[in-house]
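Engineer: Provided below for reference: sequence and predicted model.
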Amino acid sequence: MTDSATPIYRFVTASRTDIGCVRKINEDSLLALPDAGLWLVADGMGGHAAGDFASQTIVSQMETIGVPTGAVDLHARFAQRLAQANRLIFDHARELGGGTIGSTLAALMVQQGHFACIWSGDSRVYRLRGGVLTRCTRDHTEVRTLLENGTITPEEAENWPRKNVITKAIGVTAEPDCEMAEGPLADGDTFLICSDGLTEYFQDEALERQMVDAGRDLEGLCDRLIAHALASGGKDNVSVVAVRCRQEPWPQMQADGVFPEFVGSL
């Protein structure tokens, strides 16, 4: 239940997906459900009838999420549908002979003045607040593990031959393997959810400049980000979802007419 201490937010959303310049199919899928407070990008792996099936299965399950009553309800609905999608992808892989089929996931959920990011793999969620960009997710990749262990340097990571090998994905294990980060929402927060087809061509500093320059023009932001990825080679499918959060004032309560003074006592 929403009370007077909980801010009211409205959302502006823009999204784009492109097959890129090399791939023959688009294995990315995206979803924007502002009424539910849910946005996501899923990047499938496994090729036709596999990777596209995996990402589309996640989206089709989440499309049934409805309108939750609050943050706890949204999380429960999300978890149930993600578990179902994971089972469907896992079973489909066995039907096709046991090859690796799966999908990354980067999801943003907003309810009751708070946000939560849930992810698996290397699709990302960013937040721009006060002109400063923060990466809300941490890549589940082999190169990230090596960096954190001190096995390789950041300079070596840039050209690591297995740079795009992910260590987690939806559908490759019997149960979903995800990570979550959460925090309070602020007026004017702008979130960017994207597949690695975008971050292949953008350092975080360049993304920050693009988002600051775009201001409230989310449609233009998505167009420019996709165009840059394609102009830079477009080796992979590329998908972006941009979400801007605007806090609304509480409506003023007004009474019709004037109540007369009570006369006498009960």
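Structural biologist: Arrived safely, thanks for sending.
Engineer: what's the neighbour count on residue 91?
Structural biologist: Number of residues near residue 91 (other C-beta atoms under 10 Å) recorded here: 12. Glycine gets a C-beta too; all of them are placed from N, C-alpha and C.
Engineer: that one is in what secondary structure piece?
Structural biologist: helix 71-95 (DSSP states H and E).
Engineer: which strands or helices does the next helix or strand after that helix pack on?
Structural biologist: Sequence-wise, the next helix or strand downstream of helix 71-95 (DSSP H and E) is strand 102-103. Here strand 102-103 touches strand 38-45, helix 51-62, helix 71-95, going by 3 or more C-beta pairs under 8 Å, 6 or more residues apart in numbering; DSSP states H and E.
Engineer: isn't residue 123 right next to residue 44, touching?
Structural biologist: No: when contacts are counted by C-beta atoms under 8 Å, residue 123 is not listed as touching residue 44 (10.7 Å).
Engineer: which regions of the chain sit below the pLDDT cut-off?
Structural biologist: 1-5, 250-266 (pLDDT under 70).
Engineer: where do the helices of the stretch 151-266 of the chain begin and end?
Structural biologist: 154-158, 196-199, 204-214, 218-231 (DSSP state H, counting those that start in this stretch).
Engineer: which parts of stretch 91-102 are buried?
Structural biologist: Within stretch 91-102, the residues scored as buried using 16 or more other C-beta atoms under 10 Å are 92, 93, 101, 102.
Engineer: next one: stretch 12-20
Structural biologist: Buried residues in stretch 12-20 (16+ other C-beta under 10 Å): 13, 14, 15, 16, 17, 18, 19, 20.
Engineer: which one is residue 183 nearest to, not counting chain neighbours?
Structural biologist: Closest residue to residue 183 apart from its sequence neighbours, by C-beta to C-beta, 6 or more residues apart in numbering: residue 115 at 6.3 Å.
Engineer: list phi and psi for residue 21.
Structural biologist: phi -100, psi -10 (degrees, to the nearest 10).
Engineer: need the contact list for the nearest residue to it once chain neighbours are set aside.
Structural biologist: In space, and not counting its chain neighbours, residue 21 is closest to residue 234: 3.4 Å by C-beta to C-beta, 6+ apart. Residue 234 is in contact with 18, 20, 21, 22, 197, counting by C-beta atoms under 8 Å, 6 or more residues apart in numbering.
Engineer: residues near the third one, how many?
Structural biologist: What it means is residue 21. 14.
Engineer: also the one 10 residues further on?
Structural biologist: Other residues within reach of residue 31, judged by other C-beta under 10 Å, total 22.
Engineer: what bridges to it?
Structural biologist: residue 40 (DSSP bridges).
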